[in-house]
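Asks: Quick check, what structure comes out for this input:
(one chain, ligands or ions: 1)
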Amino acid sequence: MSEAILELDGLSKVYPGGLKALDDVNLTIRKGEIFALLGPNGAGKTTLIGAVCGLVRPTSGTIRAFGHDLATDWRKARARIGLVPQELSTDMFEPVQRAVAYSRGLFGLAPDPARIEEILRSLSLWDKKDERIMALSGGMKRRVLIAKALAHEPDLLFLDEPTAGVDVELRKGMWAIIDQMRAKGVTVILTTHYIEEAEEMADRVGIIRKGQLIMVDEKEAMMARLGRTEAHISLASPLSELPPALAQYPIELEEGGTSLCYRGGDGTGRGKAEVADITKALIGSGIDYKGIDVRESSLEDIFVSLLGEEEEQPA
Ligand SMILES: Nc1ncnc2c1ncn2[C@@H]1O[C@H](COP(=O)(O)OP(=O)(O)OP(=O)(O)O)[C@@H](O)[C@H]1O
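Replies: Here you go, the predicted model:
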């Protein structure tokens, strides 16, 4: 297993006024992984990032990055951490290239125009290098934020909702950039509302709700463990009851007996195999069907059902 580069241990944050934005978060991030933090609005994602990046002071718990305890020894670790925040707040009057080069200088690195050019080109910003940031489109401003974060060559990069509100094309471009970073061995932690994004990019997914990390797992394992198959089999003629040959399966008659609905499986393909067995059993029982619609649940379904289940629990 590759080395742990970020370790959160019992991390909590209570804001003045009493709101518990992080509640005993324990998390280890390993070198080179792409980790997606998924959660609804106000779940604590930005607070978690802020705590690691020195923008939020934790109420309790420890953060170790690259082996350094951030409470006592933050300087070395921070230089290796990049942050792409949600919004650009400074530099609006600066030309792109200068703002990005300046970010590098902030971390005490020697100027490296070739490196800055490479970053700007990879983000399709080279044409805009002399334009003031305020004159750029929203999508380009976002890319400037990424360029600034990459300018000091971080080993760990936080992207706080990198694609919120951007169009599909730019989102795909952003994913390509994250892929490039993965290839260079950069560890990436991104927050997102787009489950599609986590599904596409992440190796592991953490689901956060009301400050608590309610689940962390490899994406594939999460989908296998919590995934479900749903199949609708439309019958040639309605049935009044299920034939005995189908009693062993998790199916129900729906739509006035014209449709059989299967809900089962575990995301490993077992559901599809069972649906195939059901169709054979139907034929064996002399029951004709017109069509089958099979759907494997996505990370989105898992996310929604996890949050839904949590919602139903008494406070
Ligand atoms: N400076 C602050 N003072 C008081 N409460 C705060 C502060 N910053 C955030 N909060 C509260 O802490 C909770 C977590 O906020 P946070 O921004 O971390 O959530 P988030 O998961 O990033 O949400 P979003 O997806 O909307 O960005 C929210 O209820 C928010 O209102």
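Asks: is it true that Trp175 touches Ala198?
Replies: No: assessed by Cβ atoms under 8 Å, Trp175 is found out of contact with Ala198, at 11.0 Å. No exception for glycine: its C-beta is placed from N, CA and C like everyone else's.
Asks: who's more crowded, the two?
Replies: Neighbours were counted for Trp175 and for Ala198 using other Cβ atoms under 10 Å; Ala198 has more, 26 against 16.
Asks: what sits against the more buried one?
Replies: Ala198 sits next to Ala36, Leu38, Thr192, Val205, Lys219, Leu299 when contact means Cβ atoms under 8 Å, 6 or more residues apart in numbering.
Asks: got those as CSV, with distance to Ala247 and neighbour count columns?
Replies: Below are the contacts of Ala198 laid out as CSV (distance: Cβ to Cβ, whole Å; neighbours: other Cβ atoms under 10 Å):
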residue, distance to Ala247, neighbour count
Ala36, 41, 25
Leu38, 38, 28
Thr192, 43, 23
Val205, 37, 27
Lys219, 35, 19
Leu299, 32, 23
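Asks: Show me which pair in these is furthest apart.
Replies: The span of the contacts of Ala198, defined through Cβ to Cβ, is set by Thr192 and Lys219 at 12.8 Å.
Asks: any common contacting residues for the two?
Replies: In contact with both Thr192 and Lys219: Ala36, Ala198, using Cβ under 8 Å, 6+ apart.
Asks: per the record, what domains does the protein have?
Replies: Taking automatic domain parsing as the criterion, the chain consists of the domains 4-224, 228-296.
Asks: Now the closest residue to Lys45 other than its chain neighbours: which helix or strand?
Replies: The shortest distance from Lys45 to any non-neighbouring residue, by Cβ to Cβ, 6 or more residues apart in numbering, is to Thr191 (4.1 Å). Using DSSP states H and E, Thr191 maps to strand 187-192.
Asks: Direction included, what does that strand pair against?
Replies: Strand pairing for strand 187-192, using DSSP bridges, gives strand 34-38 (parallel), strand 156-160 (parallel).
Asks: Rebuild those as TSV, extending it with distance to Gly284.
Replies: Shown next, in TSV, are the strands paired with strand 187-192 (distance: least, Cβ to Cβ, whole Å):
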stretch	distance to Gly284
strand 34-38	43
strand 156-160	53
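Asks: Among these, which comes closest to the ligand?
Replies: Closest to the ligand of the strands paired with strand 187-192 is strand 156-160 (Cβ to the nearest ligand atom; 7.3 Å).
Asks: can that closest one be found next to the ligand?
Replies: No: Strand 156-160 is not in contact with the ligand by Cβ under 6 Å from any ligand atom; minimum separation 7.3 Å.
Asks: follow-up on the earlier one: please work out which of the domains of the chain is packed deepest.
Replies: Greatest average neighbour count among the domains of the chain goes to domain 4-224 (a mean of 18), per mean count of other Cβ atoms under 10 Å.
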